[in-house]
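Engineer: whatever this is, show me its structure:
(chains A, B and C)
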Amino acid sequence: MEVFSLINIGGTIAFAASGTLAGMQKRLDGFGLIVVAFATAVGGGTIRDLLIGRLPVRWIHDTSIILLIGGVALMTIFFRQRFARLERPLVFFDSLGLGFFTLRGIQEGVAANLSIPSCIILGTVTACFGGVLRDIILNEIPLLFRKEVYATACMAGGIGYFLLRPYLPAELTDAVVVALVFGIRTWAIRKNISLPQIEP
Amino acid sequence: MEVFSLINIGGTIAFAASGTLAGMQKRLDGFGLIVVAFATAVGGGTIRDLLIGRLPVRWIHDTSIILLIGGVALMTIFFRQRFARLERPLVFFDSLGLGFFTLRGIQEGVAANLSIPSCIILGTVTACFGGVLRDIILNEIPLLFRKEVYATACMAGGIGYFLLRPYLPAELTDAVVVALVFGIRTWAIRKNISLPQIEP
Amino acid sequence: MEVFSLINIGGTIAFAASGTLAGMQKRLDGFGLIVVAFATAVGGGTIRDLLIGRLPVRWIHDTSIILLIGGVALMTIFFRQRFARLERPLVFFDSLGLGFFTLRGIQEGVAANLSIPSCIILGTVTACFGGVLRDIILNEIPLLFRKEVYATACMAGGIGYFLLRPYLPAELTDAVVVALVFGIRTWAIRKNISLPQIEP
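Structural biologist: Residues are numbered from 1 along each chain as shown, chains lettered A, B, ... in the order given. Sure thing, here's the model as predicted:
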């Protein structure tokens, strides 16, 4: 049984809502919106589970996650007019979810005895590839490949994890990693910072 | 060994032909058309098998399916001029295949002891995600996310399955599910019904 | 432990560099370029491993490949101005890598007791689908589906493998397959030959 913690719920809600909102801008129908909400919320963890061979993927046994995502998609659709006001909590949960999902990916890699670079990759994949799937489905070049300090925050969190783990207790390391990803991401949004595009 | 039944053949043929025809409109070469035919015909089942970890995927051991799809793609290419006339049987088989593949996905979920929502998801994925892959490869926003009563029919079939199974014999339930998906889909095509797009 | 041979390194370098260069033309940022380099270099093998269920995927245990691809992406970014001159060695390694990866895919299929058509499919998937993933991520219709004699060379190599294997020693068969794929691909580039597009 998963520890289905508050922060996991928050991140999943934010990811599902972000997928639904992005789909509405592309004029999807209700079914398409639910699929995009799913892909955004569980896509990263699904790709991670596929890569390390932990199958079946988690969410297929986790009815509460399935109902949660479906519910969030429906709520987002019904209350879409009022969503302008919700931008701040959404960004907050999205950044928190990013930190939490990064940590989850790293922990799965450590549990599978993977090397440090592979663990950092898994953390980044878990946190970011839901958004990549969302953009591929919506026929966009993935946003996070173009300018956002998003994956960079996850990689920084991953590097932080392996620098701190020898010196700190496990729980404290975990908390610092989540805080690091959350902090970098939030700071980059505030300052409107993006990675430079590289021209050929 | 799979029960390689007539209806399975019909659905696979229709899906392979639909992929080939869609690829021709995007000016693919012969190899590309064969790949798109494959992705359309086995893509849904492949994603289902990946999600539940039933690997290797089925078709890789099923040479008859491989040769069938390759043959359909070649036939579709050679006789493409006459395909206008074939639209009706294609739609017929496509809708029948949709029902059959939905049932297959649900049965796989039940065999793997999944919850009802997960089984309905697997049925819908099996039936619909070949077409989603086809549209992603061809650089389109998946058609079924935009307006078709397509996945909706599969979900209705899935709900019907779990409502009827406690009361009807297994074979009758199966037949009703296929008929339900086929009927909803055919009715929506006749009446030209589509889901409303949701605007932000 | 993998035989991490010179030719494998050459092919991986060429594929990683080709992904990075394609990403720069789409104005990706540094992180995006690294992801595309990865997807191009290990995407084909990853899809093959998923299809046959050999999980975790290989590269996740192969730190040297991870560092190699990351290094190639960075070098390609830093020396991008001088890359016009490198086109010839890149095409050379790309074609050689194509032959080698085709052989690898076929051998995996044979080791898994798959049928001849499935083995040829696996060889083609291993060699070509990194490029397909690259194009999907970059929001293009995959180049190899449109006009290149690319997958065709892989399939010819696969057919050659099963025609020659009963008569030649294993090592010689392997060498002929790599040479065949390399030769067809190089010849098609020289002569500027492409498959005809098929119009509906």
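Engineer: and stretch A:115-124, how far out from the chain middle?
Structural biologist: Distance of stretch A:115-124 from its chain centroid, counting by C-alpha atoms, centre = their mean, to the nearest Å, is 15 Å.
Engineer: how about it against chain C, any contact?
Structural biologist: Yes. Residues of stretch A:115-124 contacting chain C under C-beta under 8 Å from any C-beta of the partner chain: A:Ser115, A:Pro117, A:Ser118, A:Ile121, A:Leu122. For every residue, glycine as well, the C-beta is placed using N, CA and C.
Engineer: could you point out the longest helix of chain A?
Structural biologist: helix A:87-111 (DSSP state H).
Engineer: give me the distance between the next helix or strand after that one and the centre of its chain.
Structural biologist: Following helix A:87-111 in sequence order, the next helix or strand is helix A:116-137 (DSSP states H and E). Using C-alpha atoms, centre = their mean, the distance from the centre of helix A:116-137 to the centre of the chain it belongs to is 8 Å.
Engineer: what of stretch A:103-112?
Structural biologist: For stretch A:103-112 - counting by C-alpha atoms, centre = their mean - the centre lies 15 Å from the chain centre.
Engineer: enumerate every residue touching the residue nearest the centre of chain A.
Structural biologist: Among the residues of chain A, the one closest to the centroid is A:Ala127, at 3.5 Å (C-alpha atoms, centre = their mean). By C-beta atoms under 8 Å, 6 or more residues apart in numbering or on different chains, the contact list for A:Ala127 reads A:Gly44, A:Gly97, A:Leu98, A:Gly99, A:Phe101, A:Thr102, A:Gly105, A:Ala151, A:Cys154, A:Val181.
Engineer: one more pass at 7 Å, please.
Structural biologist: The contact partners of A:Ala127, by C-beta atoms under 7 Å, 6 or more residues apart in numbering or on different chains, come to A:Gly44, A:Leu98, A:Phe101, A:Thr102, A:Gly105, A:Cys154.
Engineer: between the residues you listed, which sits nearest chain B?
Structural biologist: Among those, A:Gly44 lies closest to chain B (C-beta to the nearest C-beta), at 14.5 Å.
Engineer: between the host helix or strand of A:Met75 and helix B:116-137, how big is the angle?
Structural biologist: Per DSSP H and E: A:Met75 is located in helix A:63-78. If you take axes from the mean of the first three to the mean of the last three C-alpha atoms, to 10 degrees, helix A:63-78 sits at 60 degrees to helix B:116-137.
Engineer: quick one: contacts of helix A:63-78?
Structural biologist: Outside helix A:63-78, the residues touching it (C-beta under 7 Å, 6+ apart) are A:4, A:9, A:12-13, A:16-17, A:20-21, A:30, A:33-34, A:37-38, A:41, A:59, B:115, B:117-118, B:198.
Engineer: can you flag the buried ones in those?
Structural biologist: Buried members of these, scored by 16 or more other C-beta atoms under 10 Å in any protein chain shown, are A:9, A:12-13, A:16-17, A:20-21, A:30, A:33-34, A:37-38, A:41, A:59, B:115, B:117-118, B:198.
Engineer: pLDDT-wise, which helix or strand of chain A ranks last?
Structural biologist: In chain A, no helix or strand scores lower on mean pLDDT, DSSP states H and E than helix A:6-25, which sits at a mean of 84.
Engineer: that one and chain C, are they touching?
Structural biologist: No. Remark: helix A:6-25 sits outside contact range of chain C, by C-beta under 7 Å from any C-beta of the partner chain, the gap being at least 15.0 Å.
Engineer: redo the contacts of A:Ala127 as CSV? Include pLDDT and distance to chain C.
Structural biologist: What follows is the contacts of A:Ala127, written out as CSV (pLDDT from 0 to 100; distance: C-beta to the nearest C-beta, whole Å):
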residue, pLDDT, distance to chain C
A:Gly44, 94, 13
A:Leu98, 90, 14
A:Phe101, 92, 17
A:Thr102, 94, 14
A:Gly105, 94, 12
A:Cys154, 93, 10
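Engineer: show me which of the residues you listed are buried.
Structural biologist: Buried among the contacts of A:Ala127 (16+ other C-beta under 10 Å): A:Gly44, A:Leu98, A:Phe101, A:Thr102, A:Gly105, A:Cys154.
Engineer: A:Ile116: neighbour count?
Structural biologist: A:Ile116: 16 surrounding residues under other C-beta atoms under 10 Å in any protein chain shown.
Engineer: and it, what does it touch?
Structural biologist: Counting by C-beta under 7 Å, 6+ apart, the residues that A:Ile116 touches are A:Phe162.
Engineer: can you pull the residues of chain A lying near chain B?
Structural biologist: So chain A meets chain B at A:21, A:24-33, A:35, A:50, A:55-57, A:60, A:63, A:66-67, A:77, A:80, A:136-139 (C-beta under 7 Å from any C-beta).
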